[in-house]
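> here is my input; please provide its structure:
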Amino acid sequence: MDRSYGGELIDAGDGFICPGFVDIHTHGGVGFDYMDGTQEAVRCSNQAHARHGTTTLLPTTTSGSRAQLQAMLDAVQSVQKDWSAVDGARIGGVHWYGPYFATEKIGAHPKGFERHPHPDEYLPALARGVIRSATCAAELPGAVDFCRAAFAAGCLVTCGHSNASWPEMAAAYAAGMRHVDHFWNAMSSTDSIRKRLGTPQRGSMAEFVLYHPEMSTEVIADGFHHAPEMLQFAFRMLGVKRLCLVSDCSRALDTPPGIYRIGHHETGEPFENNGRIGVLPGTDKLAGSLFPLEHMVRVMLRDTDATVAEVIRMSTLTPAERVGLCNDRGSLEAGKLADVIVLSPAFHTLRTFIGGNEFLS
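Sure thing, here's the model as predicted:
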């Protein structure tokens with residue numbers, strides 16, 4: 001073998017070499033939430049995810065004050081500007097996920113901060129150029145204008161934490177919406193819409209996504225959010241080009257069981273890390289995942305008939321395609337970034353390379 005190029009030969013043994021994971025919906029890790037609004041929170045979270053094989057991610061907002069959202073964007077952009085491989089996963093942009101949630105579908109996110117989209121807030125945020133994915137509940141007043149503005153800014157426009165009906169989804173779709181956050185979680189159903197709008201029953205977000213081939217969505221395949229048949233259904237109905245795996249991981253990644261907060265460390269909603277999933281104390285309300293994307297890969301392989309190649313695609317190239325990052329990442333091809341991971345036969349991350357440099361934090 002010609003080794004004159006001077007590179008290092010990596011032997012994966014009986015494991016796997018694949019592109020680094022791309023996580024388009026994640027909130028933090030190792031005790032930090034991106035909404036804490038500090039460079040430390042961004043770097044520590046990104047380093048934690050890199051240890052688990054994620055090489056690109058979208059730091060994700062939740063409901064909070066305008067000042068908190070401003071601080072989050074400031075912190076992310078500061079780290080992104082001076083980023084090097086020691087900082088962990090690359091920042092592909094921000095997922096503007098909160099605060100435009102429907103109150104009845106806010107779930108475990110901080111209450112009292114949800115609001116209708118207003119151009120005085122979202123236009124300056126979009127103008128920064130860092131937001132790559134943008135969420136709004138489709139039924140909110142001003143949602144169509146928000147979707148139109150986010151689409152014009154080059155974002156993947158999404159609907160989440162919403163009780164939207166088919167006609168409301170159709171209006172957002174016409175304005176550029178093409179994705180739904182975490183399928184089946186904090187989503188409308190025909191029953192919830194009937195309770196809101198009366199009869200006749202209308203189609204929900206799920207029916208709208210399944211009907212329109214241009215729509216994509218994501219699942220939290222941690223083994224606790226969805227039973228195997230639901231993951232199998234999503235995979236079979238949507239396929240590898242329309243279904244993304246996401247972590248939706250909270251600050252409780254790689255932390256012991258205890259009480260933590262979703263969102264800002266002072267005003268966020270308290271939740272319990274019980275070692276399996278996040279829940280609001282004393283309730284059955286889910287509060288995000290405790291696990292990184294590599295865990296979702298293992299569960300998807302265990303609980304569905306998707307092949308290794310298909311599951312890896314749903315955690316790499318498919319999310320990269322949906323948010324417009326596939327030109328330089330998401331697959332192992334000449335000319336793309338050398339973001340490569342080595343997985344064990346059991347799909348645990350053994351080594352992470354970002355830009356050809358091994359991440360050793």
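
> what about Pro270, how many neighbours?
13 (other C-beta atoms under 10 Å). From N, CA and C alone the C-beta is placed, and that goes for glycine too.

> just the CA atoms of the helix ranked longest in the chain, as CSV, please.
Longest helix in the chain by number of residues (criterion: DSSP state H): helix 66-81. C-alpha atoms of helix 66-81 as CSV (Å, rounded to 0.1, in the frame of the first residue of the first chain):
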residue,chain,number,x,y,z
ARG,A,66,-36.1,37.9,24.4
ALA,A,67,-32.9,38.6,26.3
GLN,A,68,-32.3,34.9,26.9
LEU,A,69,-32.7,34.1,23.2
GLN,A,70,-30.4,37.0,22.2
ALA,A,71,-27.8,35.7,24.6
MET,A,72,-28.1,32.2,23.2
LEU,A,73,-27.6,33.5,19.6
ASP,A,74,-24.6,35.6,20.8
ALA,A,75,-22.9,32.7,22.5
VAL,A,76,-23.4,30.3,19.5
GLN,A,77,-22.1,32.8,17.0
SER,A,78,-19.1,33.6,19.2
VAL,A,79,-18.1,30.0,19.4
GLN,A,80,-18.9,29.4,15.7
LYS,A,81,-16.7,32.3,14.7
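
> that one - what's its average pLDDT?
The pLDDT scores in helix 66-81 average 98.

> which strands border the helix or strand following that helix, and is each parallel or antiparallel?
Next along the chain after helix 66-81, taking DSSP states H and E as the criterion, comes strand 90-91. Strand 90-91 sits in its sheet next to strand 54-59 (parallel), going by DSSP bridges.

> so for the strand it pairs with, mean pLDDT?
Strand 54-59 comes out at a mean pLDDT of 98.

> what does it contact?
19-26, 28, 34, 42, 45-46, 49, 72, 76, 89-95, 132-133, 247, 292-294, 320, 323, 325, 329, 339, 341, 352, 354 (C-beta atoms under 8 Å, 6 or more residues apart in numbering).

> export only the CA atoms of it, formatted as CSV.
Taking Å, rounded to 0.1, in the frame of the first residue of the first chain, the C-alpha atoms of strand 54-59 are listed here in CSV:
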residue,chain,number,x,y,z
THR,A,54,-21.8,13.8,16.5
THR,A,55,-19.6,16.1,14.3
THR,A,56,-22.2,18.7,13.3
LEU,A,57,-25.2,19.9,15.3
LEU,A,58,-27.7,22.7,15.5
PRO,A,59,-27.9,24.2,19.0
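
> chain center to that strand: distance?
Computed by C-alpha atoms, centre = their mean, to the nearest Å, the chain-centroid distance of strand 54-59 equals 9 Å.

> so which bits of the longest helix of the chain are buried?
Neighbour counts over helix 66-81 (16 or more other C-beta atoms under 10 Å) mark 68-73, 75-77, 79-80 as buried.

> and the angle from that helix to strand 54-59?
Helix 66-81 and strand 54-59 are oriented at 150 degrees to each other (axes from the mean of the first three to the mean of the last three C-alpha atoms, to 10 degrees).

> can you map out the strands along the stretch 251-361 of the chain?
Along the stretch 251-361 of the chain, counting by DSSP state E, counting those that start in this stretch, strands occupy 258-262, 269-273, 278-279, 340-343, 349-354, 357-358.

> those strands: which one's closest to Phe183?
Across the strands of the stretch 251-361 of the chain, Phe183 has its closest neighbour in strand 278-279 (18.1 Å, C-beta to C-beta).

> quick one: the helices in the stretch 51-200 of the chain?
Secondary structure of the stretch 51-200 of the chain (DSSP state H, counting those that start in this stretch): helices located at 66-81, 119-127, 143-152, 166-174, 190-197.
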